[in-house]
Every structure is written in structure tokens, then in C-alpha cells.
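Trainee: This is the structure alone, sequence omitted:
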């Protein structure tokens, strides 16, 4: 790809930021891990929590590929999916009520202005009593898989948590074969929680995590009796999580926006 130019869009969904590439011509392969690592670097590249590849699908309106900032593929990303859907609708690539394919699963979304409501597959696993937490002031909320794995840790002092240090410790715990995201959760109202997340693949705290917020809301309901819909406050903004039946469908709602459009010449 020497002497070529890559057009891309920088997007944000409640602080989770992404580089979105229209890859319907299939120029970019997810296997180019080093390339994606470089463009996601802060200060040395464009800077992002991950890369979204928008592709064509013969089973849905769109196909979605997600690459983490470290170059690894992601099975699902709630905020990334909301960004993809917002972009596709704003560019008239897809209708306001659309479907997209990721990892051979079909998901559904509704876009109204910058507001995007996403139907997330129900949990494929909920596990408690792990017995691995050693820090005072942290309570195990459980382990849950929503396309990607999440460990939930309840606290009453969320602002004092060293999210990177503690999050990395449990993300790499030998109990989790493929590692896990780690979410720190505090109840701050009758139906409101605050969430801070250490994201695997980004290897840092992010301003927001869509599947992490959803996982946190579900286990806050199951373990703490918080009624739904659950309002989730993150460093990047507010999200809402609701469901008709947790066993069948869960909905994540929040805003997404285009930050800028540009061309990239370096690293190609």
C-alpha cells in the first residue's frame, strides 16, 4: 500500500474512540496487526481504542470487524457497534433500523440522530463465587460473557481505584484463559451505577465500555437488586441498559458521533 492514501473517520461513542475505515473494497486485512497497532497509538499515530472495518455482508446490512488497539481481534464491542451503525446510517449506507454481522452473529440496532440503541446477545455465561479478589473494599460481582468476557468488581470508593494496576492484575489472572475485561462498579442511585473499565486489548482504562456497562448493569441487577432500566455513568458520558428478558435480549443505548474525517499517508 506504499504511496497510497487511506481515508478514515474518527468516531466517539461516550468517550470510546475509534478509527473507522470503509473496507467494502476489502483493501485492509485484519491480519495486519502491526499496522493497526501503529495507527491506534496516542501521539505517534491517529490514536484510538480500536479500529472498525465496515464491510459488506450477504446476511445483514453490514459486516463489522473490530481490531483492538494492540492489534488483536475483538469478538464484540458495544460502543464500536454503535459507532458503526451511526456512521452507516448518517452516510445512507444502511437504514435507521439495521442489522449487522460480527463473528457470524447477527445484531440489530436503531439509529435516531446521534442516539443509537443496540440489541446485544444475552449472556452466554454468568459465574459467581470465583474467590480470587484479595483487595479490601472490592467485592466480587461475578464473571459474565456478552460476546466478550467481563469481571465485575463492586466498590463503594470507585474514584480511588487504581483501575490500570488492579484491572491488569485480574485481566491476566490464570483463571481466565483468554483474559478478561475488568469493570469496577459503584451504586450511586436507585437505578444508577458508575462504571470504570480496564479493557483488554487496549491495556488501559477507557472512558467508556459498551459491553462492560451492559455486563455491569446486568450483575448490578442480579446481585444488588438494582431495577431496570439501569442508568450507567462513565467518564465519557451516560448509557442506558434495559431488557425485556435477560435470557433473550439486552439493549444498550447511548450517543455516537463523528469527530473528524481525514486521510492517512504514514504507515501505509
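Mentor: Great, that's in hand. Everything quoted here is computed from the prediction, not taken from an experiment.
Trainee: okay, CA-based contacts and neighbour counts for the rest of this
Mentor: OK.
Trainee: number of nearby residues for residue 110?
Mentor: 20 (other C-alpha atoms under 10 Å).
Trainee: Report the contact partners of residue 149.
Mentor: By C-alpha atoms under 8 Å, 6 or more residues apart in numbering, residue 149 lies in contact with 143, 179, 180, 181.
Trainee: cool, and residue 16?
Mentor: Each residue near residue 16 by C-alpha under 8 Å, 6+ apart is listed here: 49, 79, 80, 206, 207, 208, 209, 236.
Trainee: now swap in residue 181 and tell me
Mentor: 148, 149, 150, 151, 167, 171, 197, 198, 199, 200, 212.
Trainee: Go through stretch 169-185 and flag the buried ones.
Mentor: Residues of stretch 169-185 classed as buried by neighbour count (16 or more other C-alpha atoms under 10 Å): 170, 171, 179, 180, 181, 182, 183, 184, 185.
Trainee: Most widely separated two among these?
Mentor: Maximum pairwise distance in those, criterion C-alpha to C-alpha, is 19.2 Å, between 179 and 185.
Trainee: Could you tell me which of the contacts of residue 16 belong to strands?
Mentor: residue 206 (DSSP state E).
Trainee: Can you redo the contacts of residue 16 as TSV, where the extra columns are pLDDT and distance to residue 134?
Mentor: Below are the contacts of residue 16 laid out as TSV (pLDDT from 0 to 100; distance: C-alpha to C-alpha, whole Å):
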residue	pLDDT	distance to residue 134
49	97	29
79	97	31
80	97	33
206	97	24
207	97	25
208	97	25
209	97	24
236	97	29
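Trainee: Among the contacts of residue 16, which one sits closest to residue 163?
Mentor: Taking C-alpha to C-alpha as the measure, residue 163 sits nearest to residue 206 out of the contacts of residue 16, at 9.8 Å.
Trainee: Can you get me a residue count around residue 124?
Mentor: Neighbours of residue 124 (other C-alpha under 10 Å): 12.
Trainee: Take the contacts of residue 16 and write them to JSON lines, including neighbour count.
Mentor: JSON lines is the format used below for the contacts of residue 16 (neighbours: other C-alpha atoms under 10 Å):
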{"residue": "49", "neighbour count": "27"}
{"residue": "79", "neighbour count": "29"}
{"residue": "80", "neighbour count": "29"}
{"residue": "206", "neighbour count": "20"}
{"residue": "207", "neighbour count": "19"}
{"residue": "208", "neighbour count": "28"}
{"residue": "209", "neighbour count": "29"}
{"residue": "236", "neighbour count": "16"}
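Trainee: Which neighbouring elements make contact with the helix or strand encompassing residue 198?
Mentor: Following DSSP states H and E, one finds residue 198 within strand 192-199. Here strand 192-199 touches helix 163-171, strand 181-187, strand 204-206, helix 210-224, strand 230-234, going by 3 or more C-alpha pairs under 8 Å, 6 or more residues apart in numbering; DSSP states H and E.
Trainee: So what pairs up with residue 126 in the strands?
Mentor: With DSSP bridges applied, residue 126 shows beta-bridge pairing to residue 144.
Trainee: any idea of the pLDDT on the closest residue in space to residue 187 that isn't next to it in sequence?
Mentor: Nearest residue to residue 187, sequence neighbours excluded (C-alpha to C-alpha, 6 or more residues apart in numbering): residue 193, at 4.4 Å. Predicted confidence (pLDDT) for residue 193: 98.
Trainee: Tell me who's in contact with residue 193.
Mentor: Residues near residue 193 by C-alpha under 8 Å, 6+ apart: 185, 186, 187, 217, 230, 231, 232, 233.
Trainee: Can you add pLDDT and distance to residue 84 and give those residues back as a markdown table?
Mentor: Converted to a markdown table, those look like this (pLDDT from 0 to 100; distance: C-alpha to C-alpha, whole Å):
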| residue | pLDDT | distance to residue 84 |
| --- | --- | --- |
| 185 | 98 | 27 |
| 186 | 98 | 29 |
| 187 | 97 | 30 |
| 217 | 97 | 23 |
| 230 | 98 | 24 |
| 231 | 98 | 23 |
| 232 | 98 | 21 |
| 233 | 98 | 22 |
